[in-house]
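Peer 1: Give me coordinates for this.
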Amino acid sequence: MKPAKTRQILTAPLSWHDMPWGEYFRDALTQQLQPYLGKLYGFHMLKLGNLSAEINTENCAISHQVNVGSEGDLLQVLANPSQLPFESKSIDACLLAHTLAWSQDPHRVLREVDRVLIDDGWMIISGFNPFSLLGMSKLVPGIQRKAPWSGRMFSQMRLLDWLGLLNYEVVFRTRFQVLPWHQQGGKMISAHLPALGCLNIVVARKRTFPLTPTKAKRSLSKTQVRQTVNATRQFRQAKDQDSV
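Peer 2: The predicted model follows:
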């Protein structure tokens, strides 16, 4: 497995229009996110990168939404996603639409997003599936110079591992296919072969307690139970002696 951090200079597209079938990817992603955008609540939401800025999030109840990125016409705050100019635990939700694909250090971006998110805050991540037809086409010589193949493609399992290390609970995840030249065909592939879907979506919540009990906590709970049992046993023995 290749390391997440790379020295390669990655140039993210400034718009979905800058890649083939970009409008189809954007619209399909927006449609898949609508049910979960309606469940978000809070005061502040960040949309990292130009691709995130073009996702329609009007269905989200969070009214104050800020587009953040290094450069672009739709951005309100110019900043590196790995160095966000916001206080810790001040953001309720963060959208990373293909943000990690053109990041040199995706781990650092995720840690920075985790820093600014409040407890139980939401993180929404999307990207291209490396095991899809789109991902396999990266093997074609010369195609890696163009978006979306110029970006990095992380498997959904790898994203889940990263979120698990940060103690996030995955609420929803899916893979679905988009075939711009035959939309009905894309729906059939999504229904029967979802693992080959070219788009990944992961919706997760930040948790402050361990999602799995540690050995120390398990042993502590067992010890407490034994003490209670012994106390009850001693009480019964003392009661029997008094009765005699």
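Peer 1: The protein: strands as residue ranges?
Peer 2: 44-48, 64-69, 77-78, 91-97, 117-128, 168-176, 199-206 (DSSP state E).
Peer 1: which one of these lies closest to G151?
Peer 2: Minimum separation from G151 across those (CB to CB) falls at strand 117-128, 7.0 Å. Placement of C-beta: from N, CA and C, glycine included.
Peer 1: Could you pull up the contacting residues of the residue nearest to the spatial centre of the chain?
Peer 2: What sits nearest the mean C-alpha location of the chain, by CA atoms, centre = their mean, is I125, with 3.5 Å. Residues in contact with I125 (CB atoms under 8 Å, 6 or more residues apart in numbering) are 96, 99-100, 159, 200-202, 204.
Peer 1: And the pLDDT at it?
Peer 2: Per-residue pLDDT puts I125 at 97.
Peer 1: now it: how far from I201?
Peer 2: 7 Å (CB to CB, to the nearest Å).
Peer 1: Please produce a markdown table containing the strands of the chain, extended by distance to L29.
Peer 2: Listed next are the strands of the chain as a markdown table, based on distance: least, CB to CB, whole Å:
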| stretch | distance to L29 |
| --- | --- |
| strand 44-48 | 13 |
| strand 64-69 | 16 |
| strand 77-78 | 22 |
| strand 91-97 | 7 |
| strand 117-128 | 6 |
| strand 168-176 | 9 |
| strand 199-206 | 6 |
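Peer 1: weakest of those strands in terms of mean pLDDT?
Peer 2: For the strands of the chain, mean pLDDT drops lowest on strand 168-176, to a mean of 92.
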